[in-house]
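A.B. asks: generate coordinates for the sequence data below:
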Amino acid sequence: MMKPNIDFKRLKAYVQANGSYSLVVKGDSIEVHFSPNFPEAIPHLPDNLPVEHIMYGKVENGIVYFYRFETISSFGTTYNDLTDDDPIMEWLKYI
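C.D. replies: Now for the predicted structure:
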């Protein structure tokens, strides 16, 4: 099974160019943090409060393989363990 993945250099370049994202690197573990803080997102957020999405991955041979998608909101923390070609990670295809 192939987890959602992307070339690590492409991911780093994308995160550096996009202020809504940040990258945390801990050895071969990666966290991509995303907070949809643009005005058109606000009405869709729970209680109109900020939401943070965190995507967890591992780097293997220069490729990041994501295995978990977590959401932190006013409702608490929820997560999905990612499966092959998970639609929640569709955005990787556009980088």
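A.B. asks: mind listing the helices for the protein?
C.D. replies: With DSSP state H, the ranges of helices along the chain come out as 8-17.
A.B. asks: low-confidence stretches in the protein?
C.D. replies: Scanning the chain for pLDDT under 70 picks out the ranges 1, 37-46.
A.B. asks: scan the chain for its longest strand.
C.D. replies: The single longest strand within the chain, with elements called by DSSP state E, is strand 63-73.
A.B. asks: quick one: contacts for Tyr79?
C.D. replies: By Cβ atoms under 8 Å, 6 or more residues apart in numbering, the contact set of Tyr79 is Arg68, Phe69, Glu70, Thr71. Backbone N, C-alpha and C define where each C-beta goes, glycine included.
A.B. asks: which one (most neighbours) among the residues you listed?
C.D. replies: Most neighbours among those, by other Cβ atoms under 10 Å: Phe69, with 20 neighbours.
A.B. asks: re the thing from before, now render the contacts of Tyr79 as JSON lines, adding distance to Tyr79.
C.D. replies: JSON lines is the format used below for those (distance: Cβ to Cβ, whole Å):
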{"residue": "Arg68", "distance to Tyr79": "6"}
{"residue": "Phe69", "distance to Tyr79": "6"}
{"residue": "Glu70", "distance to Tyr79": "4"}
{"residue": "Thr71", "distance to Tyr79": "7"}
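A.B. asks: please identify which of those is nearest to Pro36.
C.D. replies: Nearest to Pro36 among the contacts of Tyr79, counting by Cβ to Cβ, is Thr71 at 10.7 Å.
A.B. asks: surely Thr78 touches Phe69?
C.D. replies: No: counting by Cβ atoms under 8 Å, Thr78 stays clear of Phe69, with 9.2 Å between them.
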